[in-house]
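**Student:** I'll drop the sequence and a predicted model, then ask my questions.
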Amino acid sequence: MAGSYRRALQVTVEHYSGWRPSATDIDALKAEGTWNNDWDASLELLRRHGTDVPSRNALIDVFSGFYFGGDPEGDAAEWQGFIGDEPLLVDRAFFEQLTRHQIRWGFVSGAEPPSARYVLQQRLGLKDPPLIAMGDAPDKPDPTGLIRLAEQLSAGEVPRWIAYIGDTVADVHTVLKARERRPELPWRSFAVAPPHITDVSAYHRQLQDAGADRIVGATWDMLPMLLDEPTP
């Protein structure tokens, strides 16, 4: 969902300032590891650009208009926004393979629940996937949501490993903070560059410097690594 959120961020900032932040501008902000929430990232870019900053609620309404193009709580079939053009980074077959190998899986997302459910259930065809979305837990890099999901999936068992893949510094920091809070659990941070990145090598270095345990070229590349992951 990163692509459509990024587009909504760009045009929201442009709506208020007349300036459209570039991918480089957004990447530099995201690299700080704090601005995972795109509403707050939009507000921060406006501040740094010297623009009068609207209220958060007003900005959310504008952002949602671009992103959903309709009522976020309404019929998804009527949405006309960027979410309908979101390129998917993985397909249903990936999760079927995880299940076949008895690997439990779920999602911790900074997206709003209607957005996350739409992409996961309608576009990927997943039935009621385990999901922690915006509002279910504090925003990443706070690890509360990730820890909660891990506990839900492990169901009282001691997991061999807990792997989380993300494409931002905040995602990597979420795993590191989970490791600090629950050091007895075998956390693994996998990281992947999002599709808009042009200098993939530099972005991979950024993720690695942030503390990622493994860098992968695509989400599918996780599978053999997970199967080979040694017991801690």
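**Tutor:** Arrived safely, thanks for sending.

**Student:** make it CA atoms for all contacts and neighbour counts henceforth
**Tutor:** Will do.

**Student:** what is the neighbour count of residue 74?
**Tutor:** Counted with other Cα atoms under 10 Å, residues neighbouring residue 74 total 10.

**Student:** if you could redo that for residue 202, that was the one I meant.
**Tutor:** Using other Cα under 10 Å as the criterion, residue 202 is surrounded by 12 other residues.

**Student:** same deal with residue 61?
**Tutor:** Neighbour count for residue 61, taken as other Cα under 10 Å: 12.

**Student:** from residue 160, how far off is it?
**Tutor:** 43 Å (Cα to Cα, to the nearest Å).

**Student:** sticking with residue 157, tell me its helix or strand.
**Tutor:** Assigned by DSSP states H and E, residue 157 falls within no helix or strand.

**Student:** dump the residue contacts of the nearest residue to residue 130 once chain neighbours are set aside.
**Tutor:** Once flanking residues are discounted, residue 130 sits nearest to residue 106: 4.7 Å by Cα to Cα, 6 or more residues apart in numbering. Shown in contact with residue 106 (Cα atoms under 8 Å, 6 or more residues apart in numbering): 129, 130, 131, 149, 153.

**Student:** restricted to helices, list the residues you listed.
**Tutor:** With helices taken from DSSP state H, the overlap with the contacts of residue 106 comprises 149, 153.

**Student:** a markdown table for the contacts of residue 106, including distance to residue 86?
**Tutor:** Compiled in a markdown table, the contacts of residue 106 are given as follows (distance: Cα to Cα, whole Å):
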| residue | distance to residue 86 |
| --- | --- |
| 129 | 19 |
| 130 | 21 |
| 131 | 19 |
| 149 | 25 |
| 153 | 28 |
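
**Student:** ok, so of the contacts of residue 106, who is nearest residue 49?
**Tutor:** Among these, residue 131 lies closest to residue 49 (Cα to Cα), at 35.0 Å.

**Student:** could you measure from the closest residue in space to that closest one that isn't next to it in sequence over to residue 134?
**Tutor:** In this structure, residue 131 finds its nearest non-sequential neighbour in residue 107, 4.7 Å apart by Cα to Cα, 6+ apart. According to Cα to Cα, residue 107 stands 11 Å off from residue 134.

**Student:** again with residue 191
**Tutor:** Using Cα to Cα, residue 191 is found at 21 Å from residue 134.

**Student:** swap in residue 55?
**Tutor:** Residue 55 sits 19 Å away from residue 134, going by Cα to Cα.

**Student:** and if you look at residue 120?
**Tutor:** Between residue 120 and residue 134 the computed distance is 15 Å (Cα to Cα).

**Student:** residue 55 and residue 134: which is more packed in?
**Tutor:** Neighbour count, other Cα under 10 Å: between residue 55 and residue 134, residue 134 has more, with 20 against 9.
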